[in-house]
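A.B. asks: I would like the atomic coordinates for the input below:
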Amino acid sequence: MSAEVIQDDLARPFQLEQSALRGRLVRLGPTIDRVLTRHDYPPAVSQLLGELFVLAATLAGGLKFKGTFSLQIRGGGPIGLMVADCTNDGAMRGYAKFDQAKLDRALADQADTASLRDLLGDGQLAVTVDQDQLQTAYQGLVELEGATLTDCMLTYFRQSEQIRTGLKVAVERIGDGADGHWRAGAILVQCLPDQLPSGEAALQAEEDWRRTMLLLGTVTSAELIAPDLTPDRLLLRLFHEEGVRVFTPLELSFACRCSRTRVETMLRRFPPEDFEDMKQADGGLVVTCEFCNERYGFTDAELAQLQPRLRH
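C.D. replies: Predicted coordinates for the structure are as follows:
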């Protein structure tokens, strides 16, 4: 095991020497707390978005790409949309859209223990890799079936990617009131296609997989998010008999790609007549970024500069 580099907001790749299985451990602290507290979501929304967020970090860390990896859910329930994405250099962001009245009814009907279907309804989870330089995108879809988003993600790997995958995820808010903060963690182990042996070696590989899944099953949610248990110590605690080799971690951080220039570019695409419906009662227009909640205000004069047709 190498010396610890960072302890929070990272994706640490590793390999189990005895079985050659590969995986990643993700630990999120300030990054996920900023995303969830910036919008002050209801607890049920924060919990689901937090799970999607840590899944995005876990999956993006295992891909070779230059661009953005994104998980997006569209459903017919109280939570209609959730998005979490991560760039190849670890910049993350996410947000959710929900109907408060529908959410209140769903939680009241289920005594605050609403299921995934109660909250999201029928819908799909989209997995997208957007390659910036190649101007190409890959997208896979999976139905929202299972008790958790983690279950849905495992279904995706089984059906779409046909990659044998083990995955444990934890998201929790620690503390109350102003002192409360969100933390998350995950461990993923995979048997990749180039690791599929035949003959007698296949029997050994099956035994290795079963043993590793038993070990993975022992990790607790408390261990996954514990601030006083470093990622490397957790890997050693779980897999010391397997021999753990760790690799350089991907550092994760919150970073929104919005800017006033981007907003201006977007507004230029609107016909002038649409501005009248978008304006505030006292004039002007305010655009709020859904990811970071940053507000960009424009006066009537500034809008006229963006739309030449308004000047005539």
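
A.B. asks: list the contacts of residue 211.
C.D. replies: residue 19 (CB atoms under 8 Å, 6 or more residues apart in numbering). Every C-beta, even on glycine, is put in place using the N, C-alpha and C of the backbone.

A.B. asks: what about it, which helix or strand?
C.D. replies: Assessed by DSSP states H and E, residue 211 sits inside helix 200-216.

A.B. asks: I'd like the next helix or strand past that helix.
C.D. replies: helix 221-225.

A.B. asks: what about the helix or strand just after that next one, distance to the chain center?
C.D. replies: Note on helix 221-225: by DSSP H and E, the next helix or strand toward the C-terminus is helix 231-239. In this view, helix 231-239 has its centroid 23 Å away from the chain centroid, taken as CA atoms, centre = their mean, to the nearest Å.

A.B. asks: ok, now stretch 87-102?
C.D. replies: 8 Å.

A.B. asks: follow-up on the earlier one: give me the angle between the helix holding residue 211 and helix 231-239.
C.D. replies: 120 degrees (axes from the mean of the first three to the mean of the last three CA atoms, to 10 degrees).

A.B. asks: what residues sit buried inside helix 200-216?
C.D. replies: Judged by neighbour count using 16 or more other CB atoms under 10 Å, the buried positions of helix 200-216 are 205, 208, 209, 211, 212, 215, 216.

A.B. asks: repeat that for stretch 264-271.
C.D. replies: So for stretch 264-271, counting by 16+ other CB under 10 Å, buried means 264, 267.

A.B. asks: other residues contacting that stretch?
C.D. replies: So stretch 264-271 is contacted by 278, 285, 287, 298, 303, 306, 307 (CB under 8 Å, 6+ apart).

A.B. asks: give me the buried positions along stretch 68-81.
C.D. replies: 68, 69, 70, 71, 72, 73, 74, 75, 77, 78, 79, 80.

A.B. asks: restrict it to CA atoms and write it as PDB.
C.D. replies: The C-alpha coordinates for stretch 68-81 follow below in PDB (Å, rounded to 0.1, in the frame of the first residue of the first chain):
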ATOM      1  CA  THR A  68     -17.900  14.400 -19.400                       C
ATOM      2  CA  PHE A  69     -19.500  11.300 -17.900                       C
ATOM      3  CA  SER A  70     -23.100  11.800 -16.900                       C
ATOM      4  CA  LEU A  71     -25.900  10.000 -15.100                       C
ATOM      5  CA  GLN A  72     -29.400  11.300 -15.700                       C
ATOM      6  CA  ILE A  73     -32.700  10.100 -14.500                       C
ATOM      7  CA  ARG A  74     -36.100  11.100 -15.900                       C
ATOM      8  CA  GLY A  75     -39.100   9.800 -14.200                       C
ATOM      9  CA  GLY A  76     -42.800  10.300 -13.800                       C
ATOM     10  CA  GLY A  77     -42.900  10.700 -10.100                       C
ATOM     11  CA  PRO A  78     -42.400  13.600  -7.600                       C
ATOM     12  CA  ILE A  79     -38.700  13.800  -8.600                       C
ATOM     13  CA  GLY A  80     -38.900  14.300 -12.300                       C
ATOM     14  CA  LEU A  81     -35.200  14.900 -13.100                       C
END
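
A.B. asks: ok, residues contacting it?
C.D. replies: By CB under 8 Å, 6+ apart, stretch 68-81 touches 45, 48, 52, 55-56, 59-60, 63, 82-88, 96-99, 102-103, 105-106, 117-130, 132, 144, 149.
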